[in-house]
Structures are given as C-alpha cells and as structure tokens.
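Novice: with the input below, show me the fold.
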Amino acid sequence: MSDEKLYGAKAAERIFELVVIGEDMERRADGIFARQTFLDAAAALPDLRWNPQCALQDLDPQEALLLPIPFSATDLAAFLLCPIVQGGGRGCQELRECLTDVQDVVVLRAVNGADMELKRAQQVVGEFDSAPEDKANRWADAYNERRDLDRGLLAISNVATNGFADDEYRERIGRVNAHVERLKKGLQAARRQADEHKIDWLNRMARAIYRRPDLSAESDAPNPHSPITAVVPSSDRVDRGISRKRLVELHKDRWSTIESDLSHAATNGLSAAKAGARNWHEDQAVTWARERGKYKESCTLVGLPTRKHRISH
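Specialist: Purely as a prediction, here's the structure:
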C-alpha cells in the first residue's frame, strides 16, 4: 500500500463527520486532534489518551494529533486504531455502510485502504490478548462486591440519606476502606498492568501499520510523553468540575440513563460527584456509572475489550 497522502481536507471533513461523537475531537487546517478538555478529563485513563505519536515519536504525543491533513490510508488506519475513535463504535465496516453517496468514492477508497493496513498489521502483531483486562475486571468485581456488602452491613449504602452524623459516617467509611484495602491495591496493580499491556499492543500495531520495526525496542524504554507516565497524579490536579449540560453531552451516548441518574443524585449516591452547587466531577460521575454497569464503552474495530470499573473513594 502506497503511503502517499492522497486525501485532503474534504475527505478528512467527511471522516470527521462520521466518526466524531460529542466534542472530544476537533478538526483544524492541519489535522484532527483530541481536544484539551478530553485529555484533561481522561487524565486518569491513560489508554484513552493514546495516539499514534505515542508509538512513532515523530511529533510530541502531547500535541494529540490523531489524523494529519492531508492523510494517507496508512494514517487513517492509525487514526481508527485510537481508543478515542473506537469509543464511537465506527470501524471500517461501519464507515463503509455510511459511505453510499456517489461523492463518497474517494473517502471509501481511503477506508478500504485503511482496512487492509489494519488487517496486515494485526497479522504481524497478533490479536489483542484480553487476559490482563479480564484480570483487572475480576479484581474490580471483587473490590466492588466486598465494599458494597460492607457498606450495607454498616447501613451506609446510601451516601445522601444514611442518617448518621458526619463523624459517625466518616468512621464507618474508614472501617469499610480498611477492610477492602488489599482488594483496592490488587485492583490498582491489575488496572495499571492492563493499561500498560493495551498501550504496548497499540504501539506495536502503529509501528506495524507504518512499517517501523526500527522503533520496536522503544516499547520497553520509559517515555515521559507516554499516556502512562504523563498521567498527572489526582492529588496534583485542581478539578473544578463541569456543568451538568456538558457532562450529559459528553457521556449520553455511553450512559443512557445519565439524565435520570443526575436528577435522582440525592438518593442514589451520585451526589458524591457534585462539584459545588452547579458543577460535577466528571471522573467521579463516570466511575459511579461504571461501577453500576451503566456505562458502555465499545471498542469494536480490532477486538479491544470493554474497560470495566474504576476505583471510587
């Protein structure tokens, strides 16, 4: 497959229209980029922040360039590999089903070329091994089940209407946290291993797509710009929250009950994610939804697994 950049701004605009959900990405004159608001919100989700430059290092990965303009079929293949893109559930087959207009012939050619590149790269690298993700999910299930059981036994399942004074509530929460500490540490370790495994596989796929075997040894070297090492510790971040409207816009496609859940936050425990009178802590709200199986994350392009629960405090 030729790596000539045959496709320009019009083709990129059509791809952007079909792939982008919400406001996580933006199209500029020189390419499609992840928005800074998305990168900030995904600070604790390193695999979601991956982009091809994490593997290639031709540009600073912090620039978050997902697809250059003009672009080649190879560039498009790497773009479709990005978790931020896969979250929308639009792989090559889904794109082909949308490209039915006579004016779509050029974009369809790009998609078919990208599909060939993805399949070739997967033959080189192999299918994604979901074992680390499955292990993290088992730890998450054990942690959440034990924590919820302990909270129920101590009558603090409902954060908003537990009926205890603040000191008593904090004392009971402390007892629960101490009891599940081993499970929490196990989940944190398993989650990190799963993220590192996924990012390593994405790096190897990108290098195979671009035929860059010279970079294969870099996957074992620390990279200050990688999504794993670039994560800002939560204690160092100032999270002032986002508006309810913005929270719904960002997550309604994956969290179908978000409007109802926010309306009943006072009784379902979601109020713990409030940031002041009007705003919401996005990561805490999404964590709440994930823990209850309400948040759907689809990764359909190359068999990537669904991420399960995150730890809530």
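Novice: quick check: what element follows the strand or helix carrying Trp139 along the chain?
Specialist: Trp139 belongs to helix 131-153 when assigned by DSSP states H and E. Scanning forward in sequence from helix 131-153 by DSSP H and E, the next helix or strand is helix 166-179.
Novice: other SSEs contacting that following helix?
Specialist: For helix 166-179, the packing partners by 3 or more Cβ pairs under 8 Å, 6 or more residues apart in numbering; DSSP states H and E come out as helix 131-153. Heads up, the C-betas are built off the backbone N, CA and C, glycines and all.
Novice: the helix it packs on to helix 166-179, inter-axis angle?
Specialist: Helix 131-153 runs at 140 degrees relative to helix 166-179, counting by axes from the mean of the first three to the mean of the last three Cα atoms, to 10 degrees.
Novice: just the buried residues of helix 131-153, please?
Specialist: Buried residues in helix 131-153, counting neighbours by 16 or more other Cβ atoms under 10 Å, are found at 132-133, 135-137, 139-140, 143-144, 146-147, 150-151.
Novice: so where is this protein shaky, pLDDT-wise?
Specialist: 1-3, 88-89, 157-163, 213-240, 297-313 (pLDDT under 70).
Novice: next, give phi and psi for the spatially most central residue of it.
Specialist: For the chain, the residue sitting closest to the mean C-alpha position, by Cα atoms, centre = their mean, is Leu48 at 3.2 Å. Main-chain torsions, Leu48, degrees, to the nearest 10: phi -70, psi -20.
Novice: going forward, the N-terminal residue is numbered 38.
Specialist: Fine by me, first position is 38 from now on; the one you just mentioned is Leu85.
Novice: enumerate every residue touching it.
Specialist: By Cβ atoms under 8 Å, 6 or more residues apart in numbering, Leu85 lies in contact with 79, 120-121, 124, 264.
Novice: farthest-separated two in those?
Specialist: Spatial extent of the contacts of Leu85 (Cβ to Cβ) is set by the pair Gly124 and Pro264 at 14.7 Å.
Novice: which one of these two has more residues nearby?
Specialist: Neighbour totals were compared for Gly124 and Pro264, and Pro264 leads with 25 against 21 (other Cβ atoms under 10 Å).
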